[in-house]
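S.K.: build me a model from this:
(chains A and B)
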Amino acid sequence: MSEVQDKVIKVISLLLERADKTDVDVTLQSQLHGDGLGLDSLESAELSAVLEDEFGTDPFSAGLMPETVAEIVDFYAGADESGVAAAP
Amino acid sequence: MTLEPRTVVVTGGSRGLGAGIVQSFLDSGDRVATCARSETEAVKQWRDDPQYADRFLFVEVDASDREQCLHFVQRVVEEWSTIDVLVNNAGVARDGVLALVSEEDVDTVIDLNLKGTIYLTRGVVRNMLARGGGSIVNISSIVGQTGYRGLTVYGATKAALDGFTRALARELGSRHITVNGIAPGYLRTEMSHGLEGAQLDQIVRRTPAGRLGDPADVARAVQFLVDPENNWITGQVLVVDGGLTC
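M.R.: Sure thing, here's the model as predicted:
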């Protein structure tokens, strides 16, 4: 598991824990909404904010609407490759 | 003094009501960040006062500018990590009957009172969501509720702010973030200097409390609404006007 992947999954797991959704496994294939992690719009906003806290930027604020955990990881992996990432 | 200093953001805190709110939170031992278009004597005094060292921050900001609002929020977070309280006080009034008001004045009032407030709040709310709590107070005006001849655009922005307060309170209530408003009446500040002496005399005569308000009257209400003990109060607009509109 890459460092970015590990951090993204950790951030999402902590968010779910805070929302008392402890019975959900977070994997790369997890859908963020609906039958996956079941994030509602406010939880998506929280995810956006905590990702920004962790990495300095986030895919939601960049205008993307990721549907899976993998898409979030890809956002940061892509930023890393292009040297754009602002991870603290 | 509060036990744990909170980080408090007050927009438009360099003079008038905003300065009264800044002073109130400095007095209660909190860290205060404020912004305004330019520095004033009050700002210089706070910055130079050793008792406020490391807990007062001023940034020159045009609060009607989205990028500058965002930069200000980032600056506060860089300094103190979290924002516990946001007081949206920055506002401007341009008086004149609607039929003669300029488009420039309409834009100025709406851009600062409404759009700037919304953008700055969005930035702060993201911080509050990330850490799971906070309090927001929007300073509107009784003019938003009663109307006032010559202040149509200003009144419209303040009424809109009250709607913003209620909607945001519903949106964030489950995340331990309270959102309330305060609608002050007429205060002894620069903002009321546009009113003529006769108008002010009439306002005082019609005010049950028999006087104009002071910034400290409103600041105490702000402190009440952001007190964690009062976190069951949200989505409300508290009128603080000496009874003028009762």
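S.K.: okay, and for chain A, where does confidence drop off?
M.R.: By pLDDT under 70, the weakly predicted segments of chain A are A:1, A:80-88.
S.K.: mind listing the helices for it?
M.R.: Taking DSSP state H to define them, one finds helices in chain A at A:3-18, A:41-55, A:69-82.
S.K.: now render those as TSV, adding mean neighbour count and distance to B:D214.
M.R.: For the C-beta atoms, the positions are set from N, CA and C on the backbone; glycine is no exception. Shown next, in TSV, are the helices of chain A (neighbours: other CB atoms under 10 Å in any protein chain shown; distance: least, CB to CB, whole Å):
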stretch	mean neighbour count	distance to B:D214
helix A:3-18	16	42
helix A:41-55	19	37
helix A:69-82	17	51
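S.K.: which one of these lies closest to chain B?
M.R.: helix A:41-55 (4.0 Å; CB to the nearest CB).
S.K.: by mean pLDDT, flag the weakest helix or strand of chain B.
M.R.: Across the helices and strands of chain B, mean pLDDT, DSSP states H and E gives its lowest value to helix B:197-206, namely a mean of 89.
S.K.: what are the buried residues along that one?
M.R.: B:I203 (16 or more other CB atoms under 10 Å in any protein chain shown).
S.K.: following that helix, which helix or strand comes up?
M.R.: Using DSSP states H and E, the next helix or strand after helix B:197-206 towards the C-terminus is helix B:215-226.
S.K.: by contact count, what packs against that following helix?
M.R.: Using 3 or more CB pairs under 8 Å, 6 or more residues apart in numbering or on different chains; DSSP states H and E as the contact test, the elements touching helix B:215-226 are helix B:16-27, strand B:85-88, strand B:134-139, strand B:177-184, strand B:237-240.
S.K.: what's the angle from the first one to helix B:215-226?
M.R.: Pointing back at helix B:16-27 there. Here helix B:16-27 runs at 60 degrees with respect to helix B:215-226, directions being taken by axes from the mean of the first three to the mean of the last three CA atoms, to 10 degrees.
S.K.: got TSV for the helices and strands packed on helix B:215-226, with distance to chain A too?
M.R.: Below are the helices and strands packed on helix B:215-226 laid out as TSV (distance: least, CB to the nearest CB, whole Å):
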stretch	distance to chain A
helix B:16-27	24
strand B:85-88	15
strand B:134-139	12
strand B:177-184	11
strand B:237-240	23
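S.K.: need the winner for burial among the ones you listed.
M.R.: Most buried of these, by mean neighbour count (mean count of other CB atoms under 10 Å in any protein chain shown): strand B:85-88, with a mean of 28.
S.K.: quickly run through the sheet partners of it, with directions.
M.R.: Partners of strand B:85-88 in the sheet, by DSSP bridges, are strand B:7-11 (parallel), strand B:134-139 (parallel).
S.K.: ok so, going back, for the helices of chain A, which one sits closest to B:I83?
M.R.: B:I83 lies closest, by CB to CB, to one member of the helices of chain A: helix A:41-55, at 11.8 Å.
S.K.: quick one: residues in contact with the closest one.
M.R.: Applying CB atoms under 8 Å, 6 or more residues apart in numbering or on different chains, the contact partners of helix A:41-55 are A:7-8, A:11-12, A:14-15, A:19, A:32-33, A:39, A:58-61, A:72, A:76, A:85-88, B:126-127, B:129-130, B:171-172, B:174-175.
S.K.: which PyMOL command selects the buried ones in the residues you listed?
M.R.: Provided next is the PyMOL selection string for whichever of the contacts of helix A:41-55 are buried by 16+ other CB under 10 Å:
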select buried, (chain A and resi 7+8+11+12+15+19+32+33+39+58+59+60+72+76+85) or (chain B and resi 126+127+129+130+172+175)
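S.K.: give me the distance between B:D95 and B:K115.
M.R.: Per CB to CB, to the nearest Å, B:D95 is found 20 Å from B:K115.
S.K.: also B:R170?
M.R.: For B:R170 relative to B:K115 (CB to CB), the value is 21 Å.
S.K.: more neighbours: those two, which one.
M.R.: Neighbours were counted for B:R170 and for B:K115 using other CB atoms under 10 Å in any protein chain shown; B:K115 has more, 17 against 12.
S.K.: sorry, back to before: would JSON lines of the strands paired with strand B:85-88 with distance to B:E196 and mean pLDDT be doable?
M.R.: JSON lines is the format used below for the strands paired with strand B:85-88 (distance: least, CB to CB, whole Å; pLDDT from 0 to 100):
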{"stretch": "strand B:7-11", "distance to B:E196": "28", "mean pLDDT": "98"}
{"stretch": "strand B:134-139", "distance to B:E196": "24", "mean pLDDT": "98"}
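S.K.: want to throw these into TSV with distance to B:K158?
M.R.: TSV is the format used below for these (distance: least, CB to CB, whole Å):
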stretch	distance to B:K158
strand B:7-11	15
strand B:134-139	9
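S.K.: okay, the most centrally placed residue in chain B: pLDDT?
M.R.: Computing the C-alpha centroid of chain B and ranking residues by CA atoms, centre = their mean puts B:N89 first, at 1.8 Å. Reading off the confidence values, B:N89 has pLDDT 98.
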